[in-house]
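[1] Have a look at this fold, sequence not included:
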């Protein structure tokens with residue numbers, strides 16, 4: 001059996017390489033020009049994609065073939081107040097570069113949505129948000145040109161008072 005080790009999203013070996021830079025909605029909403037604020041979110045996302053590619057190159061250079069990508073590549077992508085925003089056209093090139101590198105080097109990548117993404121929840125509003133979050137992850141994979149070989153680990157447990 002071949003065992004391949006990898007890591008999650010960040011490396012202590014690379015400086016200034018966070019793939020998870022973000023902006024809070026509070027900070028976003030304080031900016032007076034909404035269009036400029038959206039461009040700022042896109043610039044942060046471009047930097048996150050650039051850093052993801054840097055991390056993947058680092059992995060390849062050190063014979064690390066497994067990498068779990070950050071779910072926070074696009075700040076506020078699933079925020080309810082930004083449902084009219086489509087960052088995908090502005091980020092197409094960055095996503096394509098990440099996907100091309102993964103395919104070219106034969107890397108095994110995955111996502112793991114945050115802990116609030118729970119499909120077994122008894123709360124309908126949590127299920128709706130979980131489905132939205134999974135669609136966001138699917139959209140990222142499609143933008144990268146990656147297929148079903150890429151895995152998305154999700155939380156499915158929970159006793160909710162009735163084991």
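    That came through, no problem. Just so you know, these numbers come straight off a predicted model, no measurement behind them.
[2] Which secondary structure elements does the helix-or-strand element of the chain with minimal mean pLDDT sit against?
    Ranked by mean pLDDT, DSSP states H and E, the weakest helix or strand in the chain is strand 6-8, scoring a mean of 78. Contacts defined by 3 or more Cβ pairs under 8 Å, 6 or more residues apart in numbering; DSSP states H and E place strand 6-8 against strand 66-68. Backbone N, C-alpha and C define where each C-beta goes, glycine included.
[3] Please name the strands paired to the strand it packs on in the sheet, noting orientation.
    Applying DSSP bridges, strand 66-68 is found paired with strand 6-8 (parallel), strand 108-111 (parallel).
[4] Identify the residues contacting the least confident helix or strand of the chain?
    Residues outside strand 6-8 that contact it (Cβ atoms under 8 Å, 6 or more residues apart in numbering): 59, 64-68, 108, 112.
[5] try 7 Å
    Outside strand 6-8, the residues that touch it by Cβ atoms under 7 Å, 6 or more residues apart in numbering are 64-68.
[6] Give me the next element, helix or strand, following that strand.
    Next helix or strand after strand 6-8 toward the C-terminus (DSSP states H and E): helix 25-30.
[7] moving C-terminal of that following helix, what's the next helix or strand?
    Counting by DSSP H and E, the next helix or strand C-terminal to helix 25-30 is helix 34-61.
[8] any idea how far that next one is from the chain center?
    Put simply, helix 34-61 sits 11 Å off its chain's centre (Cα atoms, centre = their mean, to the nearest Å).
[9] That one packs against which elements?
    Judged by 3 or more Cβ pairs under 7 Å, 6 or more residues apart in numbering; DSSP states H and E, helix 34-61 is in contact with strand 66-68, helix 88-105.
[10] rank those by pLDDT, which is bottom?
    Lowest mean pLDDT of the helices and strands packed on helix 34-61: strand 66-68, a mean of 93.
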